[in-house]
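Colleague: My questions are about this predicted structure, shown below with the sequence.
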Amino acid sequence: MGALAAAIAVGLAALGAGIGNGLIVSRTVEGIARQPELRSALQTTMFIGVGLVEAMPIIAVVIALIVMGG
Amino acid sequence: MEAYDNMITRQRKWMFYLLALLVLGAGITPYPRIFLGLLLGAVLSFYNLWLMQRKIKQFGQAAATNQPVRGIGTFTRMASAALAVLIALRFEDYFHVIAVLIGLMTAYLVIMIDYLLSKSRN
C-alpha cells in the first residue's frame, strides 16, 4: 500500500505542476514574442511563478519517498 | 536583463548567508543531526535554485530569438529532491529527514521573501 500511496502522491503532484508550469510558460512565450524588450520582467515573473508552482511537487516527492522508505 | 540578473545575484547572496549559518549551527550547536539535515536540504535546494535560474534564462533567450525551446528542468529538480531524501534515509544517524525536507524548501522561501522585499522597496 505504501508504493500505491507514493505513486498517487507523486502522480497528482506532477499533474498539478505540469498544468501550472504549462500555463506560466505559454503566457511567458506569448509575452516575450509580442514584446521582446520586456523579456527581463517577464522572466522574473515566470521565475517566481515556477518557484511557487514547483514547491508542492517537491514536497510530494519527499513525502512519497518517506512513505516508501520509512 | 538587469532586473533578472540583479534578482539572481540577491538570491544567491541570501542562500550563501543561509548556508554559512547552517554550517555554523552544525559545528557549534549540540544538534548536529538537525543542522546537517538542514544543510543537506539547503545544498540541494541551492542546486535547484541555480538550475531554475539558468534554465529560465536560457528559455527567455530562446523565446526572444525564436529558437526551439527545451524544457525548464522540472524533472531534474524533483530528482534532486528525491536524492536528498534517499541520502537522508540511507544515513539516518547523521541526517534528520524532516530537517532535510525543511532545508529543501529554503530556496522557495528565499524566492518569496526576496520578491516581497524588492516589491516593497520599489
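Modeller: Right, received. Where do you want to start?
Colleague: contacts, neighbours, all on C-alpha from now
Modeller: OK.
Colleague: packing partners for the longest helix anywhere in chain B?
Modeller: In chain B, ranked by residue count with DSSP state H as the criterion, the top helix is helix B:32-64. Contact here means 3 or more Cα pairs under 8 Å, 6 or more residues apart in numbering or on different chains; DSSP states H and E; on that basis helix B:32-64 packs against helix A:2-34, helix A:39-69, helix B:2-28, helix B:74-90, helix B:97-104, helix B:106-121.
Colleague: As a markdown table, these with distance to residue B:37, mean pLDDT and mean neighbour count would be great.
Modeller: Shown next, in a markdown table, are those (distance: least, Cα to Cα, whole Å; pLDDT from 0 to 100; neighbours: other Cα atoms under 10 Å in any protein chain shown):
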| stretch | distance to residue B:37 | mean pLDDT | mean neighbour count |
| --- | --- | --- | --- |
| helix A:2-34 | 22 | 92 | 16 |
| helix A:39-69 | 13 | 90 | 20 |
| helix B:2-28 | 9 | 92 | 15 |
| helix B:74-90 | 7 | 92 | 19 |
| helix B:97-104 | 5 | 93 | 23 |
| helix B:106-121 | 12 | 91 | 15 |
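Colleague: Just the buried residues of stretch B:26-43, please?
Modeller: B:26, B:32-43 (16 or more other Cα atoms under 10 Å in any protein chain shown).
Colleague: ok, and what's touching it?
Modeller: B:19, B:22-23, B:25, B:84, B:88, B:93-107 (Cα atoms under 8 Å, 6 or more residues apart in numbering or on different chains).
Colleague: Cross-check the contact I'm expecting between residue A:48 and residue B:111.
Modeller: Yes. The criterion here is Cα atoms under 8 Å, and residue A:48 meets it with residue B:111 at 6.8 Å.
Colleague: From residue B:117, how far out is the residue in chain A positioned nearest to chain B?
Modeller: Nearest residue of chain A to chain B: residue A:40, at 4.8 Å (Cα to the nearest Cα). Going from residue A:40 to residue B:117 by Cα to Cα, to the nearest Å gives 18 Å.
Colleague: Next: residue B:15.
Modeller: As judged by Cα to Cα, residue B:15 and residue B:117 stand 15 Å apart.
Colleague: which residues touch the nearest residue to residue A:14 once chain neighbours are set aside?
Modeller: Of all residues beyond its chain neighbours, the one nearest residue A:14 is residue A:57 (6.0 Å), with distances taken as Cα to Cα, 6 or more residues apart in numbering or on different chains. Shown in contact with residue A:57 (Cα under 8 Å, 6+ apart): A:10, A:13-14, A:16-17, B:78.
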